[in-house]
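> any chance you can model this:
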Amino acid sequence: MTLPAALQEALAKALGCPIRRAVPVGGGCIAQACRIETDRGPYFLKWGPPEVARTFAAEAAGLQALRAAESPLVIPEVVARSEARPDCPGFLLLEWIEPGRPGPRFWEHFGEGLARLHRYLGPRYGFDQENFIGRMPQENTWEDDWPTFFWRHRIEPQVRWARERSRWERSWDRWLERLEARLPELLPARPPASILHGDLWSGNFMVTADGRAALIDPAVYYGDRETDLAMTELFGGFDARFYAAYRAAWPLEPGYEERRELYNLYHLINHLNLFGGGYAAGVARTLRRFA
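Residues are numbered from 1 along each chain as shown. So this is what the prediction gives:
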């Protein structure tokens, strides 16, 4: 893989050594991604034009916040970052994490590690800056009340964008109004404000060479820890040992199974915005259920 000359120059300046080779890696759906090899060792590189690189600052801030939580989970270190310029793509340079295979207690350690991560609490619900959930903006304005945060900065913006894209059905409005009215009784007012990965599905963790779980591509904010767990179950779920270990480390409050579906409404509407009508039935079913 040949990197643009201006990008190679910027990377060499940031690292203090030349780039020997760039090898494409799979998995990215927005930015271009590769492993770069240098005399100092390998690094992971994301790069792209301004519309792609605009997500990098928020991703870097999220990774740094997750690292500050000091959990047993592996969080890649941010090495360097640059905005896109007319003569050079923007980039995010991270520590390279060598992939491996899960050991016999991988899922137990992953569940325990996520519970430990969630013990790191913020002052309120939100984050210091806006970020992205996939390609969509994610609002993180601080709030003292959790149902208020979830409605104003998760559900409402996604619904607004769905209307703008003509992907929202008018028949859903009556259910949406009822859901808004019921939200304070459906969600806890002030659960612990845990630091969250924010987009925790199977594509956003990896197994390291020494068999540990590493978190990548976060959409970080402080909120109800159940939202992270709910997201893990949206597309089939993780191994049962993960959930058992998490609950043993930090038991969930009664009613999680009900709240899980409500929390995943956010991701369903986001996927409706990103990918279209295939998610409409799931959105309608969840709205109808809670209305």
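> domain map for this protein?
Following automatic domain parsing, one finds the domains of the chain at 5-95, 106-290.
> including mean pLDDT and mean neighbour count, could those domains go into TSV?
(C-beta placed from N, C-alpha, C; glycine too.) Output for the domains of the chain, formatted as TSV (pLDDT from 0 to 100; neighbours: other Cβ atoms under 10 Å):
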stretch	mean pLDDT	mean neighbour count
domain 5-95	95	17
domain 106-290	97	18
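> residue ranges of the helices in this protein, please?
Taking DSSP state H as the test, the helices found in the chain are 5-15, 50-53, 56-68, 106-118, 146-150, 156-164, 173-186, 226-234, 240-249, 256-275, 280-290.
> among those, which is nearest Pro24?
helix 5-15 (14.2 Å; Cβ to Cβ).
> give me the helices and strands touching the closest one, please.
Counting contacts by 3 or more Cβ pairs under 8 Å, 6 or more residues apart in numbering; DSSP states H and E, helix 5-15 packs against strand 19-24, strand 41-48, strand 78-82, strand 90-95.
> export these to a markdown table and tack on distance to Ala213?
Output for the helices and strands packed on helix 5-15, formatted as a markdown table (distance: least, Cβ to Cβ, whole Å):
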| stretch | distance to Ala213 |
| --- | --- |
| strand 19-24 | 24 |
| strand 41-48 | 17 |
| strand 78-82 | 19 |
| strand 90-95 | 15 |
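> Asp217 is nearest to which of those?
Closest among the helices and strands packed on helix 5-15, using Cβ to Cβ: strand 41-48, at 9.5 Å.
> can you list contacts of the closest one?
Contacts to strand 41-48, defined as Cβ atoms under 8 Å, 6 or more residues apart in numbering, come from residues 3, 7, 11, 15, 22, 25, 28, 30-36, 53, 56, 76, 79, 84, 89-97.
> so the closest residue to Leu252 other than its chain neighbours versus Ala10, what's the distance?
Nearest non-adjacent residue to Leu252, counting by Cβ to Cβ, 6 or more residues apart in numbering: Glu226, 6.7 Å away. Separation of Glu226 from Ala10 (Cβ to Cβ, to the nearest Å) stands at 41 Å.
> kindly report the same for Asp173.
Using Cβ to Cβ, one obtains 49 Å as the distance from Asp173 to Ala10.
> likewise Gly90?
From Gly90 to Ala10 the distance is 10 Å (Cβ to Cβ).
> any idea how far the closest residue to Asp224 other than its chain neighbours is from Leu215?
Counting by Cβ to Cβ, 6+ apart, Pro191 is the residue found nearest to Asp224 once chain neighbours are left out, at 4.4 Å. Look at Pro191 and Leu215: by Cβ to Cβ, they are 21 Å apart.
> just Cys88 next, same as before
29 Å.
> quick revisit: the residue nearest to Leu252 and Leu262 touch, don't they?
No. Using Cβ atoms under 8 Å as the test, Glu226 is too far from Leu262 to be in contact (9.7 Å).
> contacts only, for Leu196.
Applying Cβ under 8 Å, 6+ apart, the residues near Leu196 are 118, 220-223, 225, 227-228.
> just those now: which is nearest Pro254?
Distances from Pro254 to the contacts of Leu196, taken by Cβ to Cβ, are shortest for Arg225, at 15.0 Å.
> got the contact list for that closest one?
Arg225 is in contact with 118, 191-192, 194, 196, 250, counting by Cβ under 8 Å, 6+ apart.
> dump the helices of the chain to JSON lines, plus distance to Gly203.
Formatted as JSON lines, the helices of the chain follow (distance: least, Cβ to Cβ, whole Å):
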{"stretch": "helix 5-15", "distance to Gly203": "25"}
{"stretch": "helix 50-53", "distance to Gly203": "18"}
{"stretch": "helix 56-68", "distance to Gly203": "15"}
{"stretch": "helix 106-118", "distance to Gly203": "15"}
{"stretch": "helix 146-150", "distance to Gly203": "24"}
{"stretch": "helix 156-164", "distance to Gly203": "20"}
{"stretch": "helix 173-186", "distance to Gly203": "28"}
{"stretch": "helix 226-234", "distance to Gly203": "11"}
{"stretch": "helix 240-249", "distance to Gly203": "16"}
{"stretch": "helix 256-275", "distance to Gly203": "13"}
{"stretch": "helix 280-290", "distance to Gly203": "19"}
